[in-house]
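J.: Everything below, folded, please.
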Amino acid sequence: MKSLSLLSVAVAALVSNVSAAGVTGTPEGFASEVTGGGSAEGAYPKSTDELVSMLGDSTTRVILLDQEFDFTGTEGTASEQGCAPW
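T.: Model (predicted):
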């Protein structure tokens, strides 16, 4: 019974610490003024081509990603040296 009381106190202390944690300060970066998608329709792109198309058109939407998009080989190739000193 004593261990149950001790466990209850520990859980209560943990929950109070977690609920007291909050965000402080202001966001940084190019999207710091973004507040959300409003009433825009959500869309899940199924391919890299569809994602690129969604990012480039003028349709208002929230783009939701439910998979990893691998752009390897989609933008052509290059044979230059990686750290060319110029």
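
J.: So what sits opposite A43 in the bridge?
T.: I63 (DSSP bridges).

J.: Could you give the number of residues near A31?
T.: Residues near A31, counting by other C-beta atoms under 10 Å, number 7. C-betas here are computed from N, CA, C, even on glycine.

J.: Quick check, pLDDT for it.
T.: Looking at A31, its pLDDT reads 79.

J.: all helices for this structure, in order.
T.: 2-20, 48-56 (DSSP state H).

J.: For those, which has the smallest mean pLDDT value?
T.: helix 2-20 (a mean of 62).

J.: residues contacting S32?
T.: Contacts for S32 (C-beta atoms under 8 Å, 6 or more residues apart in numbering) come out as T26.

J.: Apply 7 Å and report the result again.
T.: Going by C-beta atoms under 7 Å, 6 or more residues apart in numbering, S32 touches no other residue.

J.: Quick check: it vs T26, distance?
T.: Plainly put, S32 is 7 Å away from T26 if you go by C-beta to C-beta, to the nearest Å.

J.: Now that we're looking at the most centrally placed residue in the chain, what pLDDT does it have?
T.: Closest residue to the average C-alpha location of the chain: L65 at 8.9 Å, with C-alpha atoms, centre = their mean. L65 is assigned a pLDDT of 94 by the prediction.

J.: likewise the one 5 residues further on?
T.: For D70, the model assigns a pLDDT of 94.

J.: One more: E41?
T.: pLDDT, E41: 86.

J.: For burial, what's the neighbour tally of I63?
T.: Neighbours of I63 (other C-beta under 10 Å): 14.

J.: for M54, same thing?
T.: M54: 14 neighbours (other C-beta under 10 Å).

J.: wait, isn't it in contact with A43?
T.: Yes: with contact defined as C-beta atoms under 7 Å, M54 counts as touching A43 (6.3 Å).

J.: okay, and the common contacts of those two?
T.: With C-beta under 7 Å, 6+ apart as the test, M54 and A43 both reach R61, I63.
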